[in-house]
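Engineer: Here is my input, please return the structure:
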Amino acid sequence: LMFGVRSVKVGEVEVPGPELFWMSAWDVWYPLFFQVVLIQGQGVTALVNTGPPSDLNPINVLWRQQLGSRAELRRAPEEEIVPALSAVGVRPEDVTHIILTPFQLYTTGNVPLFPNAEICVSKKGWIHYHTTHDHPHDARWNSIAKHVLVHLVTDAWPRVRLLEDEDVVVPGLRTWWVGGHHRASIAVEVESVDGPVVISDSFFYYENVEENRVLGINENMYEVLAAYDRARKTAVHLVPLYDPKVFERYPDGVVAKQ
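Structural biologist: Next up is the predicted model:
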């Protein structure tokens, strides 16, 4: 199956260079554009991530503590998930699949809004989340909010799918475990008429992959380098989930048409 792929902006932030590029760019701040990616075709409307929650305060309290007030997540009203999707002709009830990577409030924040979607998450990441009491990179309730977690393990549980390290969501839409950025980080590989598209959070900017510049905020640089190597060999089109240049390379975020 061939799919259309479109990236949609749902917020932005600035981060210091060493978060983006390991042990470099110490005095530079870089913009990140948070994105959800719409994958459509053959009766499938899949969404990579669900965007930040309506209340940004839990995210910003933590990020201010870590990086200062410059690193606050900002979002225009039209970038909230429902109007952002409405602008490209999609309603929450239309979404057939959600793929989450990684587990953070800016990806998991709106999961309950999608009543008909199969919710696809890394099995490895899910086990790590439920078996780790203390972790230097993951604040539990800044990964999945309490009400979202309750939803996932109660009402939505029949729709939760735990992905193997190599998995097929539907024919033409594959996932593979990456790690690197977080234990729940995966790559989403999509067949399009313009060639394979690879989407992931383990590369923030094109330079991470194209110039092999290791992501600064990584948990395992060997996993990161392996992911970059595979992405370079696989993808005709890359979608780094935070790079503003996605919208420069692909006007209106349209990576591949249906």
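Engineer: Check the offset of the host helix or strand of Asp167 from the chain's centre.
Structural biologist: Applying DSSP states H and E as the criterion places Asp167 in strand 166-170. Counting by C-alpha atoms, centre = their mean, to the nearest Å, strand 166-170 is centred 17 Å from the centre of its parent chain.
Engineer: what is the mean pLDDT for the following helix or strand past it?
Structural biologist: Of the helices and strands lying after strand 166-170 in sequence (DSSP H and E), the nearest is strand 173-177. For strand 173-177, the mean pLDDT works out to 98.
Engineer: who does strand 173-177 touch, helix- and strand-wise?
Structural biologist: In this structure, strand 173-177 makes packing contacts with strand 118-122, strand 166-170, strand 186-190, judged by 3 or more C-beta pairs under 8 Å, 6 or more residues apart in numbering; DSSP states H and E. Any C-beta I mention is one placed from the backbone N, CA and C, and that applies to glycine too.
Engineer: Can you give me the distance of the closest residue to Gly109 other than its chain neighbours to Ile99?
Structural biologist: Once flanking residues are discounted, Gly109 sits nearest to Pro53: 3.3 Å by C-beta to C-beta, 6 or more residues apart in numbering. The spacing between Pro53 and Ile99, counted by C-beta to C-beta, to the nearest Å, is 18 Å.
Engineer: So for those two, which sits in the more crowded spot?
Structural biologist: Set Pro53 next to Ile99 and count neighbours by other C-beta atoms under 10 Å: Ile99 wins out with 26 against 22.
Engineer: how far away is the more buried one from Leu241?
Structural biologist: In this view, Ile99 and Leu241 are 11 Å apart by C-beta to C-beta.
Engineer: Now the common contact residues for those two.
Structural biologist: Residues touching both Ile99 and Leu241 (C-beta atoms under 8 Å, 6 or more residues apart in numbering): 48-49.
Engineer: if you average pLDDT over the one helix or strand Pro31 maps to, what comes out?
Structural biologist: In this assignment (DSSP H and E), Pro31 forms part of strand 29-41. Across strand 29-41, pLDDT averages out at 98.
Engineer: In its sheet, which strands sit next to that strand, and in what direction?
Structural biologist: Its sheet considered, strand 29-41 pairs with strand 4-16 (antiparallel), strand 44-48 (antiparallel) by DSSP bridges.
Engineer: Reformat the ones you listed as a markdown table; add mean pLDDT, distance to Glu210 and mean neighbour count.
Structural biologist: Supplementary listing: those in a markdown table, determined by pLDDT from 0 to 100; distance: least, C-beta to C-beta, whole Å; neighbours: other C-beta atoms under 10 Å:
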| stretch | mean pLDDT | distance to Glu210 | mean neighbour count |
| --- | --- | --- | --- |
| strand 4-16 | 98 | 17 | 21 |
| strand 44-48 | 98 | 20 | 23 |
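Engineer: quick one: which of the ones you listed is nearest Arg70?
Structural biologist: Proximity to Arg70 (C-beta to C-beta) singles out strand 4-16 among the strands paired with strand 29-41, at 5.6 Å.
Engineer: ok, Tyr205 to Arg213 distance?
Structural biologist: Tyr205 is 8 Å from Arg213, by C-beta to C-beta.
Engineer: do Trp63 as well
Structural biologist: Distance from Trp63 to Arg213, counting by C-beta to C-beta: 23 Å.
Engineer: Val239 now?
Structural biologist: In terms of C-beta to C-beta, Val239 sits 17 Å off from Arg213.
Engineer: the more surrounded of these two?
Structural biologist: Set Val239 next to Arg213 and count neighbours by other C-beta under 10 Å: Val239 wins out with 25 against 20.
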